[in-house]
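**Q** Turn this into a model:
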Amino acid sequence: MKRVFLIVLDSVGIGEMPDAPDYGDAGSNTLLAVSKSRYFSVPNLKKLGLFGIDGVCIGEKEAAPLASFARMKELSKGKDTTIGHWEIAGIISHAALPTYPNGFPAEIIREFEKQTGRGVLCNQPYSGTKVIQDYGSKHMESGDLIVYTSADSVFQVAAHEQVIPVETLYQYCKMARELLTGKHGVGRVIARPFSGEDGNFTRTKRRHDFSLEPPEITMLDQLKNSGFDVISIGKIADIFAGRGITEFVRTSGNADGIRQTVQWMEKDFEGLCFVNLVDFDMLYGHRNDVDGYAKALSYFDSQLPEMIEKLREEDVLMITADHGCDPSTSSTDHSREYTPFLILGNQIPSGVNFGTREGFCDIAATILDLFGIDVKCSGGSML
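**A** As a prediction, this is how the structure comes out:
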């Protein structure tokens with residue numbers, strides 16, 4: 001194979017895993033919830049074989065699917081973006097990353113204040129849009145940083161762009177990243193710049209994630225070390241702390257991510273193009289917006305024909321997800337769900353049901369197998 005395009009539909013889960021009750025996610029099924037919206041229309045995903053995946057209980061199965069497919073089971077402990085992507089790349093995380101339902105310990109906050117020279121507001125789990133409405137004015141008056149978390153393993157820092165320049169906010173987040181190690185090694189430190197006036201604050205698109213470096217070798221490392229290109233589109237480079245990446249492009253949302261992917265399909269390179277489409281999760285799953293989620297998934301589906309048309313003879317397209325985020329439940333958190341896997345290419349057999357795979361890491365092993373590289377990370381090739 002010359003090129004593999006791996007697209008992660010962030011949070012598009014397809015039903016609860018057996019241990020979902022342990023995570024408070026009994027009954028979660030993101031795809032089923034979204035399918036009930038009148039805006040849900042995914043004829044192209046249907047043609048690929050989405051409805052034929054084990055456990056998918058919506059729609060009519062395609063008689064002759066164009067792709068092969070599988071249901072992916074997460075082996076890692078957790079249900080967050082970092083652990084999900086790490087497992088896709090071949091790392092099984094046997095311990096969940098730390099979370100802070102009561103806010104961060106006083107000693108962490110004191111040290112962060114000392115290093116930045118600024119006070120801290122909030123320090124609680126909070127909605128990212130609500131926290132700037134509730135604390136934005138105090139921040140603008142005092143210059144103190146808004147620090148908050150969520151059900152995920154994240155340390156988030158919000159600041160108004162007119163109070164603290166974005167590059168300075170990034171520097172503060174780098175300080176936090178160096179501080180949060182060991183038992184406090186959260187998956188991501190996230191810079192959350194915002195703008196506007198009291199009563200009308202809005203987050204800008206200059207968010208930046210500072211992730212833990214993967215603790216083990218990944219398929220990205222193996223590909224890069226073998227001389228292949230590893231192209232990151234969206235927040236992939238952030239999730240892997242830049243490791244194993246040869247070139248990256250940040251995006252402003254799903255439409256931009258799809259556009260950038262199509263542009264890379266028109267370029268000559270040899271290796272992996274790894275794409276994250278974050279809007280499903282960030283804009284709709286976490287906000288319990290079923291219709292918005294359905295529209296976003298339908299839009300992706302509408303763009304699939306162009307991407308498929310641009311595949312070359314030696315190309316492979318893969319579509320998967322990293323966790324669930326059922327927008328129909330009372331929770332706004334991620335959900336512990338199986339994820340879909342679709343694989344399409346001129347040299348890939350169509351209509352093969354790989355069943356339920358024990359680990360997202362089988363995707364990493366399959367990609368390395370396609371490039372003829374011995375697998376040094378976790379996972380077993382589907383080929």
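**Q** My read is that Arg250 contacts Gly234, right?
**A** Yes - the pair Arg250 and Gly234 passes the contact test of C-beta atoms under 8 Å, sitting 7.1 Å apart. The C-beta positions use only the backbone N, C-alpha and C, and glycine is treated the same way.
**Q** Please say which of those two ends up with more neighbours.
**A** Between Arg250 and Gly234, Gly234 has the larger neighbour count (other C-beta atoms under 10 Å), namely 27 against 18.
**Q** In this structure, what residue spans correspond to strands?
**A** 3-9, 68-73, 120-125, 145-149, 154-160, 188-197, 200-203, 208-211, 229-233, 247-249, 271-277, 315-320, 339-344, 353-358 (DSSP state E).
**Q** what residues does the fourth one touch?
**A** Put plainly, it is strand 145-149. For strand 145-149, contacts defined as C-beta atoms under 8 Å, 6 or more residues apart in numbering pick out 99-100, 103-104, 109, 112, 116, 118-126, 128, 131-132, 135-136, 139, 155-159, 164, 172, 192.
**Q** and the angle from that strand to strand 188-197?
**A** 130 degrees (axes from the mean of the first three to the mean of the last three C-alpha atoms, to 10 degrees).
**Q** and what of the last one?
**A** Inter-element angle recorded for strand 353-358 and strand 188-197: 100 degrees (by the same axes, to 10 degrees).
**Q** Name the strands paired with strand 353-358 and say parallel or antiparallel.
**A** Within its sheet, strand 353-358 is paired with strand 68-73 (parallel), according to DSSP bridges.
**Q** between the partner strand and strand 315-320, what angle do the directions make?
**A** Using the same axes, to 10 degrees, the inter-axis angle of strand 68-73 relative to strand 315-320 is 40 degrees.
**Q** Give me every residue in contact with stretch 233-240, excluding its own residues.
**A** Outside stretch 233-240, the residues that touch it by C-beta under 8 Å, 6+ apart are 8, 81-82, 85-86, 89, 188, 208-211, 213-214, 218, 220, 232, 245, 248-251, 257, 260-261, 264, 273-278.
**Q** so where's this structure uncertain?
**A** Within the chain, no stretch has pLDDT under 70.
**Q** so where do the helices sit in it?
**A** 30-35, 43-48, 81-88, 106-116, 128-142, 166-179, 219-225, 236-239, 254-265, 279, 290-309, 361-370 (DSSP state H).
**Q** Return the set of buried residues in the second one.
**A** For helix 43-48, a neighbour-count test (16 or more other C-beta atoms under 10 Å) marks 44-48 as buried.
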